[in-house]
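Participant: okay, structure incoming, though there's no sequence with it:
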Ligand code: GDP
């Protein structure tokens, strides 16, 4: 109510400050889906556990493309869920679990302000956790850690934290600490609140979790038995190690607060959510290039800006359109406003913008920095596109990765070349694959980071564009975007290597190396040419 009486800008700042936009990162099976569901449950966004899976299932049932996901038993899509918690509006961005779609995950991580890392107490730090952490480090994304599955026997908590520190290179500050585990799991002790949260083994509702105040509460030692003594010893060790929580260091991604619990048993999740919403940063500024140079776009700026980090097709199979997910970076999105596409240099018509509530999606009236809106379009919006109210600026840091797998496209019916090209162009704008057109012949080479991407492209070409294509092996080992400051040297390079050069969808020159030896020899021969492993959109 108060916000309504304030000046518009103050209301804007206040609403922005309440946003928490984050993604969950984890190795498959650590409990990301379960935790997502419990966060929504505790956030009051859903009534019953099971809704997230149920929602996924119904989406599968109504979409052909999604059927591929179902066949494979993997989740390809990224979804966005918004729910209120305490004073905050939480935007949770889901990421695909399968590593073949890691490009999608990386781009999603450019749209968040913080991340939640889930670790399986029995398995500790796993390969995908390491990879995702590396991506978070690129932007110094603050991380909160949840150690899951304490209801099962796992590794000693001190050992787990030691592993996180050593392998992931981030200091740990335990916020809760487990009392026993597996069959002896008694609950957690909250180090900052000096309070026990007791575990009964049942799936309890939030309000039913018993708490006891004070590490020395009367009778607590007897009640908890041997795990209590162990807790005392461990706390002493922690105190000696000096691991106090420090907000600035968390925000600078130097330390991670750690919570313990059991997502499936609704245990430890509320404490996690409380800590997370209190400490996680509000929407941060975003870096952009503009004609005058570069600048940081601040969320409190009055004018609307945002960028597209994800495009998803076929969410509604009755309409063959696509939804572009845009993160609002500054200003306010208001229903019906003109969205200026910087790439196209003019307004883009979108029939409707959606906001994704946990249970459903609905038309959005207003969206603030940190919020994600979904824009329906028929191919006018590409990944990495920046939007504004007219200002020319391109948000940086939305990556395209040099693919590691390549295939040559062979069309079954040569008369379908036009549809094939259209389909591949659209799919590459969505980030589903990368398309290369060699300079010296009419081949089309596709590049992907994971092999399942090819399956998706083949399936969608047939399903959406009615094109049957087969993909053949091709003698390409790796790709590099090439550029040089000196036009003459670039031309010489181009003339001598045209057999291995191609243009990508955006017309950028790409060197398709036949082997790593071939790449390094070419690099040596042309020192003035830069061979880039990533390219930014926009
Ligand atoms: P994801 O692949 O990271 O999304 O993991 P899921 O949420 O699908 O969980 C993987 C498996 O671990 C499922 O069988 C879950 O039921 C199980 N699981 C998740 N949380 C817990 C937990 O707290 N305790 C136990 N024992 N199992 C869990």
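Facilitator: Sure thing, it's come through. This is a predicted model, so every value here is computed, not measured. Numbering: from 1, shown residues only.
Participant: just give the number of residues close to the residue nearest to residue 434 when sequence neighbours are not counted.
Facilitator: Of all residues not flanking residue 434 in the chain, residue 447 sits nearest, at 4.1 Å (C-beta to C-beta, 6 or more residues apart in numbering). In this view, the C-beta of every residue, glycine as well, is placed from N, C-alpha and C. Residue 447 sits with 27 neighbouring residues when counted by other C-beta atoms under 10 Å.
Participant: sec struct for residue 447, please.
Facilitator: Here residue 447 is recorded as strand under DSSP: H, G, I helix; E, B strand; the rest coil.
Participant: for it, list each beta-bridge partner.
Facilitator: Counting by DSSP bridges, residue 447 is bridged to residue 406, residue 434.
Participant: check residue 387 too.
Facilitator: As for beta bridges, residue 387 partners with residue 306, residue 341 under DSSP bridges.
Participant: all strands for the stretch 401-538 of the chain, in order.
Facilitator: Secondary structure of the stretch 401-538 of the chain, counting by DSSP state E, counting those that start in this stretch: strands at 405-411, 434-438, 445-448, 469-473, 478-483, 501-504, 509-513, 530-532, 534-536.
Participant: and residue 139, which of those strands is closest to it?
Facilitator: When those are compared by C-beta to C-beta, strand 534-536 sits nearest residue 139, at 13.4 Å.
Participant: who touches the closest one?
Facilitator: Residues outside strand 534-536 that contact it (C-beta atoms under 8 Å, 6 or more residues apart in numbering) are 384, 396-402, 481, 508.
Participant: neighbour count, distance to residue 499 and pLDDT for those residues - can I get that in a markdown table?
Facilitator: Formatted as a markdown table, those follow (neighbours: other C-beta atoms under 10 Å; distance: C-beta to C-beta, whole Å; pLDDT from 0 to 100):
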| residue | neighbour count | distance to residue 499 | pLDDT |
| --- | --- | --- | --- |
| 384 | 26 | 30 | 91 |
| 396 | 18 | 33 | 90 |
| 397 | 16 | 34 | 81 |
| 398 | 23 | 31 | 78 |
| 399 | 18 | 28 | 73 |
| 400 | 25 | 24 | 73 |
| 401 | 17 | 24 | 74 |
| 402 | 19 | 19 | 78 |
| 481 | 19 | 18 | 94 |
| 508 | 15 | 18 | 93 |
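Participant: and those, which is closest to the ligand?
Facilitator: Set against the ligand, the nearest of these by C-beta to the nearest ligand atom is residue 401 (23.0 Å).
Participant: what about that closest one, distance to residue 308?
Facilitator: Computed with C-beta to C-beta, to the nearest Å, the distance linking residue 401 and residue 308 is 17 Å.
Participant: would you mind measuring from the residue nearest to residue 434 to residue 529?
Facilitator: In this view, residue 447 and residue 529 are 20 Å apart by C-beta to C-beta.
Participant: same question for residue 405.
Facilitator: From residue 405 over to residue 529 the distance is 24 Å, taken as C-beta to C-beta.
Participant: these two: which is more packed in?
Facilitator: Neighbour count, other C-beta under 10 Å: between residue 405 and residue 529, residue 529 has more, with 22 against 19.
Participant: contacting residues for residue 508?
Facilitator: Per C-beta under 8 Å, 6+ apart, neighbours of residue 508: 481, 535.
Participant: can you report phi and psi for the closest residue to residue 148 other than its chain neighbours?
Facilitator: Excluding the flanking residues, the one nearest residue 148 by C-beta to C-beta, 6+ apart is residue 31, at 4.2 Å. Residue 31 has phi and psi values of phi 120, psi 20 when expressed as degrees, to the nearest 10.
Participant: could you give the number of residues near residue 31?
Facilitator: 24.
Participant: from residue 237, how far out is whatever residue of the stretch 51-200 of the chain ends up closest to the ligand?
Facilitator: Closest contact between the stretch 51-200 of the chain and the ligand, by C-beta to the nearest ligand atom, is at residue 149 (3.9 Å). Relative to residue 237, residue 149 is positioned 23 Å away (C-beta to C-beta).
Participant: looking at these two, which is more packed in?
Facilitator: Between residue 149 and residue 237, counted using other C-beta under 10 Å, residue 149 has the larger neighbour count: 26 against 11.
Participant: residues in contact with residue 482?
Facilitator: 490, 493, 501, 509-511, 529-532.
Participant: let's have those residues in JSON lines, adding pLDDT.
Facilitator: Formatted as JSON lines, the contacts of residue 482 follow (pLDDT from 0 to 100):
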{"residue": "490", "pLDDT": "95"}
{"residue": "493", "pLDDT": "97"}
{"residue": "501", "pLDDT": "97"}
{"residue": "509", "pLDDT": "96"}
{"residue": "510", "pLDDT": "96"}
{"residue": "511", "pLDDT": "97"}
{"residue": "529", "pLDDT": "96"}
{"residue": "530", "pLDDT": "96"}
{"residue": "531", "pLDDT": "95"}
{"residue": "532", "pLDDT": "92"}
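Participant: ok, those vs residue 304, which is closest?
Facilitator: residue 532 (31.4 Å).
Participant: what about that closest one, how many neighbours?
Facilitator: Residues near residue 532, counting by other C-beta under 10 Å: 16.
Participant: again, but for residue 376
Facilitator: Residue 376, neighbours per other C-beta under 10 Å, totals 18.
Participant: what about stretch 309-327, average pLDDT?
Facilitator: Mean pLDDT, stretch 309-327: 74.
Participant: what distance do you get for the residue nearest to residue 434 to the ligand?
Facilitator: Going from residue 447 to the ligand by C-beta to the nearest ligand atom, to the nearest Å gives 27 Å.
Participant: check residue 518 too.
Facilitator: 39 Å.
Participant: do the same with residue 489
Facilitator: From residue 489 to the ligand the distance is 49 Å (C-beta to the nearest ligand atom).
Participant: which residues touch that residue?
Facilitator: By C-beta under 8 Å, 6+ apart, the contact set of residue 489 is 526, 528-529.
Participant: if you set the cut-off to 7 Å instead, what comes out?
Facilitator: Residue 489 sits next to 528-529 when contact means C-beta atoms under 7 Å, 6 or more residues apart in numbering.
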